[in-house]
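> Structure of the sequence below:
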Amino acid sequence: MMQMKMMMSTTCAGFLSVALMLIAASHHLVVESFAPAKVIGVARSPITLFYQEGTSSEQQMNIDTSKALHIIDSNHEAILNNPLSLPVLVDCYTNKCGPCKLIERSLEQALPKFTTSSDDNQSRPRLHFVKWDAESTDISKEFMSILREHDMTFRKLPTLLLFIDGLPVVLKSGMMSAAAIDRFLEEHLPDGELKGGERRPRVGPEGALGVSTRKMNR
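Below you'll find the predicted structure:
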């Protein structure tokens, strides 16, 4: 009789252990099945506008304009109102335009003077350079509406558009040499060169020389 009681006690203890294990396993499965899924965040890189690092002695090197950012509706506000508040030069082109390919050489020679910052932080870029494919009308409707609003429409390519304070202030169409592009930018940039080698003040809250850029003529 004593042996039977011991066997029953052992059997009950075994069943109890098995039951506890099953409950624990069931609880674990329930917890796992309702555990929140891990959310994998996708880091969005900020828009990097085109300019190159280099010392003043390297500023005469040519740049690769093919690496320039293309302006479209999804990024035009961030480009035109960039964090550095720099003017933006837009090269308007199409892939079928022969002169557009030729002006690339002139831009590559002229732009380092304006888009290069020094390694010692003694100077910063004077403008940002981007490109606009004039055939990409389906993804640049808002950008085109800005041009129409400020009477900056054009029919000839290539065309260079200069934006200051987020607004188009001047355009120039047709093939240009590197020297012509240099003169165009120095004439219209807020900190462009004056006679005697002096520079105008940088663009301020009211635009170039304290005059609203909305009143500037082409």
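> List the contacts of stretch 172-186.
With C-beta atoms under 8 Å, 6 or more residues apart in numbering as the test, stretch 172-186 has contacts from 89, 99, 102-103, 105-107, 109-111, 113-114, 127, 154, 156-160, 162, 192-193. C-betas here are computed from N, CA, C, even on glycine.
> can you do 6 Å?
By C-beta atoms under 6 Å, 6 or more residues apart in numbering, the residues outside stretch 172-186 that reach it are 99, 103, 106, 109-110, 114, 154, 156, 159-160, 192-193.
> what about this protein, any weak spots by pLDDT?
Across the chain, the ranges flagged by pLDDT under 70 are 1-61, 118-122, 194-218.
> Show me where it has its strands.
Along the chain, counting by DSSP state E, strands occupy 52-53, 69-70, 88-93, 116-117, 128-133, 159-164, 167-173.
> Switch the ones you listed over to a markdown table; also include mean neighbour count.
Shown next, in a markdown table, are these (neighbours: other C-beta atoms under 10 Å):
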| stretch | mean neighbour count |
| --- | --- |
| strand 52-53 | 14 |
| strand 69-70 | 16 |
| strand 88-93 | 23 |
| strand 116-117 | 20 |
| strand 128-133 | 21 |
| strand 159-164 | 23 |
| strand 167-173 | 19 |
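> Any idea which of those gets closest to Leu147?
Nearest to Leu147 among these is strand 167-173 (6.2 Å), distances taken as C-beta to C-beta.
> residue boundaries of the helices in the chain?
2-34, 76-80, 98-110, 112-115, 141-149, 178-188 (DSSP state H).
> can you pull the contacts of Asp73?
Residues in contact with Asp73 (C-beta under 6 Å, 6+ apart) are 139-140, 142.
> Report how many residues lie close to the residue lying closest to it once chain neighbours are set aside.
Of all residues not flanking Asp73 in the chain, Glu142 sits nearest, at 4.5 Å (C-beta to C-beta, 6 or more residues apart in numbering). Burial of Glu142 is recorded as 12 neighbouring residues (other C-beta atoms under 10 Å).
> Next: Ile63.
The number of residues packed near Ile63 is 20, by other C-beta under 10 Å.
> Start at 545, not 1
Yep, numbering from 545; the last one is Ile607 now.
> Just read off the phi/psi values of Leu630.
Main-chain dihedrals, Leu630, degrees, to the nearest 10: phi -90, psi 150.
> list the contacts for it?
671-672.
> and it, how far is that from Asp677?
Distance of Leu630 to Asp677, given as C-beta to C-beta, to the nearest Å: 22 Å.
> now do Met688
In terms of C-beta to C-beta, Met688 sits 12 Å off from Asp677.
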